[in-house]
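Undergrad: Can you look at this prediction? I've put the sequence above it.
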Amino acid sequence: MISKETQIQLAKFIMTIATKERAIEDARQRLSKIDLFSPYSAFLRIDRKRKHGINKTDLKNFLL
């Protein structure tokens, strides 16, 4: 059995994840309403080396 404090911390962690997931979903829905937004084009702008995948270095380079 886990302690009460661990239960509280776990509940806070799960709530944080749920809150962030909701924010992400809201952003997805806003993007989907923009006619000129193309997820594939956005992917290609990040995947500059055309590796057909994105890693943390790709994201870092894109954001710099």
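TA: Noted; the coordinates are in hand.

Undergrad: any idea how far Pro39 is from the residue positioned nearest the centre of the chain?
TA: For the chain, Ile24 is the residue whose C-alpha lies nearest the centre (Cα atoms, centre = their mean; 6.3 Å). Ile24 sits 14 Å away from Pro39, going by Cβ to Cβ, to the nearest Å. All C-beta spots, glycine's among them, are computed from the backbone N, C-alpha and C.

Undergrad: again, but for Ser3
TA: Per Cβ to Cβ, Ser3 is found 44 Å from Pro39.

Undergrad: Could you do Leu59 as well?
TA: Counting by Cβ to Cβ - Leu59 and Pro39 are separated by 15 Å.

Undergrad: Give me the residue ranges of this structure where confidence is low.
TA: Within the chain, not a single segment meets pLDDT under 70.

Undergrad: Apply 90 and report the result again.
TA: Low-confidence segments of the chain (pLDDT under 90): 1, 48-49.

Undergrad: Break it down into its structural domains.
TA: 1-33, 36-64 (automatic domain parsing).

Undergrad: Is Met15 within a helix or a strand, and which one?
TA: For Met15, the host element (DSSP states H and E) is helix 4-32.

Undergrad: List the buried residues in that helix.
TA: Residues of helix 4-32 include none that count as buried (16 or more other Cβ atoms under 10 Å).

Undergrad: Remind me what whatever helix or strand comes next after it packs against, helices and strands.
TA: Next in sequence after helix 4-32, counting helices and strands by DSSP H and E, comes helix 39-46. Packing contacts for helix 39-46, counted by 3 or more Cβ pairs under 8 Å, 6 or more residues apart in numbering; DSSP states H and E, involve helix 56-63.

Undergrad: Pull the residues that contact the helix it packs on.
TA: For helix 56-63, contacts defined as Cβ atoms under 8 Å, 6 or more residues apart in numbering pick out 45-49.

Undergrad: That helix relative to helix 39-46, how many degrees between them?
TA: Between the axes of helix 56-63 and helix 39-46, defined by axes from the mean of the first three to the mean of the last three Cα atoms, to 10 degrees, the angle is 90 degrees.
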